[in-house]
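**Q** could you look at this predicted model? Sequence included:
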Amino acid sequence: MKIVARLKRAGACACVLSALFLAQGAFAVDVAGVKIEETAKVGNQDLKLNGAGIRYKVIFKVYTAALYLSDKKTTVPDVLAAPGARRIELVMLRDVSSEDFSRAFMSGIQNNVDKADKSKIVNQLLKFGELFASIPELKKGDVMTTDWIPGVGTQIHFNGKPVSETLPDLVFYNALLKIWLGERPADSKLKQSLLGQAG
């Protein structure tokens, strides 16, 4: 009887452990070995993972990118018009100098944002460019989050620490999103992934 009881307890434990592993799998996805959470909290709002993928440069993996919104969106206009908080999270997959990273960001904005919008956010673009001066190098595993909080603005964190003052305009945040979602995106496959269209 004792053996039967032990087997039952062992079976129950196995069921509980299996449920825990399944639950963990349900709350995160793996992209190039990076654990991407299915949800994120920005401000006081719970966001859902809209899509995630890898930024390639030639054949090299540079970083993973994940887009979080209040509700799933599959088109660029819908993402740019999405109400509520938003987040774009980058996790580095290789070491990159801050100069190269900054140049890539500014090139993405230059390629995808029209003159009228750029003229509205000149000062914020300058401040954004300055933040990279405080980061000599981005190393594999480093995490950058760029959050839009309605009524507050854009907040940028590097490995959990703020690296810029709050930047107030939604036009600026959308300009950043266009680096990956614009007509000339940094990586067309990554654009599809962020929109949940890959696969």
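**A** Received, thanks.
**Q** now do the contacts for the nearest residue to Lys61 once chain neighbours are set aside.
**A** Taking C-beta to C-beta, 6 or more residues apart in numbering as the measure, Lys61 lies nearest to Leu93, with 4.4 Å between them; neighbours along the chain are not counted. All C-beta atoms are positioned from the backbone trio N, CA, C, and that covers glycine. Remark: with contacts taken as C-beta atoms under 8 Å, 6 or more residues apart in numbering, Leu93 is in contact with Ala32, Val34, Ile54, Lys61, Val62, Tyr63, Thr64, Lys140.
**Q** so the third one is in which element?
**A** Secondary structure assignment for Ile54, by DSSP states H and E: strand 45-57.
**Q** can you map out the helices along this structure?
**A** 2-26, 76-80, 98-112, 115-120, 122-131, 170-181, 188-194 (DSSP state H).
**Q** quick one: the second one to chain centroid distance?
**A** Remark: helix 76-80 is offset 16 Å from the chain centroid, using C-alpha atoms, centre = their mean, to the nearest Å.
**Q** quick check: buried residues in it?
**A** Within helix 76-80, the residues that qualify as buried by neighbour count (16 or more other C-beta atoms under 10 Å) are Val76, Val79, Leu80.
**Q** what's the answer for stretch 115-134, then?
**A** Here stretch 115-134 shows Asp117, Ile121, Gln124, Leu125, Phe128, Leu131, Phe132 as buried, counting by 16+ other C-beta under 10 Å.
**Q** farthest pair in the residues you listed?
**A** Maximum pairwise distance in the buried residues of stretch 115-134, criterion C-beta to C-beta, is 21.4 Å, between Asp117 and Phe132.
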